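Student: 3D model of this:
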Amino acid sequence: MALLPVLTFHAVDDQPSMISFPPQLFERSMALLYDRGFQALGLLEVVKRLRQGLPFPERSFAITFDDGYQSVYQHAFPILQRYGFSGTVFLAVGENGNHKGSERLPSMCERSMLSWREVKEMNECGITFGAHTLTHPDLTRLPFEKIQNEVYGSKAIIEDALGTQVACFAYPYGYYDDQCREVVSHHFICACSDTLGLVRAGSDPYALERVDAYYVRSNRLFDVMLTSLFPWYVRLRSIPRELRRAIQSSYR
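Tutor: From the prediction side, this is the model:
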């Protein structure tokens with residue numbers, strides 16, 4: 001089975017931040033993938049192929065956006081439409097459950113978030129929405145009942161707003177443990193971690209590997225994705241990240 005990159009974006013803007021990806025570079029990157037004949041698979045298609053042992057199509061990838069920043073609607077959405085690419089946006093919806101059209105998701109990182117009107121428009125145009133909890137906590141630090149509330153509560157709010165099933169989840173910060181995975185597996189078909197890697201045969205549908213856009217945030221680095229060196233590049237970049245996470249986990 002071929003390796004599949006699941007690209008993870010957060011904000012699509014020009015701010016000097018680790019979670020930012022410049023709109024001009026996003027445009028250039030999507031155009032490049034389109035010109036090279038790549039197709040964007042939905043996460044449910046990715047997981048279906050994993051579970052059935054089917055290969056991924058050559059020149060395929062998936063796109064995800066975490067948190068629900070307004071810049072995804074402003075900058076990424078028109079570009080995805082232009083090239084016929086879809087993607088999954090994971091929403092941290094807040095506790096009040098208010099999904100009137102003009103209401104926006106609770107602010108994160110001092111940025112404006114998507115409004116429910118924008119969410120509904122994107123959904124009607126083929127963008128999939130997944131859950132990212134209510135308040136974006138580290139689930140591994142919560143008791144079982146609060147994990148249930150954060151996970152299922154976010155799913156219920158999005159389903160009520162869109163009138164469709166929400167089948168995909170992303171762990172806040174990428175943190176999960178056996179208890180979190182078990183809760184998520186009862187409510188969703190798949191879940192994304194932030195383990196830096198490529199999806200392959202044997203990948204866990206409830207801890208899908210992804211490639212954070214931070215690691216391809218230049219023309220030169222993004223171009224590596226089109227070469228046979230990309231799996232090696234991702235593996236090399238994952239080593240210090242894994243060490244850092246292991247140290248952090250020892251203090252949690």
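
Student: now the residue nearest the centre of the chain, what's its secondary structure?
Tutor: In the chain, the residue lying closest to the centroid (CA atoms, centre = their mean) is Thr64, at 3.4 Å. Assigned with DSSP: H, G, I helix; E, B strand; the rest coil, Thr64 falls in the strand class.

Student: these two touch, right, it and Leu7?
Tutor: Yes: look at Thr64 against Leu7 with CB atoms under 8 Å: they come within range, at 7.0 Å. Where you see a C-beta, it was placed from the backbone N, CA and C, and this is true even at glycine.

Student: need the overlap of contacts for these two.
Tutor: Common neighbours of Thr64 and Leu7 (criterion: CB atoms under 8 Å, 6 or more residues apart in numbering): Arg210.

Student: looking at it, Ile147 is touching Gln179, isn't it?
Tutor: Yes: the pair Ile147 / Gln179 is scored as a contact, 6.7 Å apart, by CB under 8 Å.

Student: wait, what's in contact with the residue lying closest to Arg241 once chain neighbours are set aside?
Tutor: Excluding the flanking residues, the one nearest Arg241 by CB to CB, 6 or more residues apart in numbering is Leu196, at 5.2 Å. By CB under 8 Å, 6+ apart, Leu196 lies in contact with 209-212, 215, 234, 237-238, 241-242.

Student: one step back: Ile147 and Gln179: which has the busier surroundings?
Tutor: Higher neighbour count among Ile147 and Gln179: Ile147, with 22 against 14, using other CB atoms under 10 Å.

Student: you'd agree the more buried one is in a strand?
Tutor: No: applying three-state DSSP, one finds Ile147 to be helix, outside a strand.

Student: circling back: what score does the residue nearest to the centre of the chain have for pLDDT?
Tutor: The score at Thr64 is 98. That number is its pLDDT.

Student: do Arg141 as well
Tutor: Value for Arg141, per-residue pLDDT: 95.

Student: any idea how far it lies from Asn123?
Tutor: Look at Arg141 and Asn123: by CB to CB, to the nearest Å, they are 31 Å apart.

Student: the more surrounded of the two?
Tutor: The residue with more neighbours, out of Arg141 and Asn123, is Asn123; 17 against 11, by other CB under 10 Å.

Student: against Lys155, how distant is the more buried one?
Tutor: The spacing between Asn123 and Lys155, counted by CB to CB, is 15 Å.

Student: also Val119?
Tutor: Separation of Val119 from Lys155 (CB to CB): 14 Å.

Student: quick one: which of those two has more around it?
Tutor: With neighbours defined as other CB under 10 Å, Val119 and Lys155 compare such that Val119 has more, 26 against 23.

Student: contact partners of stretch 91-103?
Tutor: With CB under 8 Å, 6+ apart, stretch 91-103 has contacts from 67-68, 105-106, 108, 114-117, 119-120, 129-136, 153-154, 157-158, 160-161, 172.

Student: looking at this structure, which helix or strand is least sure?
Tutor: The least trusted helix or strand in the chain, going by mean pLDDT, DSSP states H and E, turns out to be helix 230-251, with a mean of 81.

Student: which phi and psi does the closest residue to Ala2 other than its chain neighbours have?
Tutor: Leaving aside its chain neighbours, Ala2 sits nearest to Phe56 (4.8 Å; criterion: CB to CB, 6+ apart). Here is the backbone geometry of Phe56 (degrees, to the nearest 10): phi -80, psi 150.

Student: and Phe56, how close does it get to Ile147?
Tutor: Shown here: Phe56 relative to Ile147, a distance of 31 Å by CB to CB.

Student: ditto for Ser112
Tutor: Distance, Ser112 to Ile147, using CB to CB: 28 Å.
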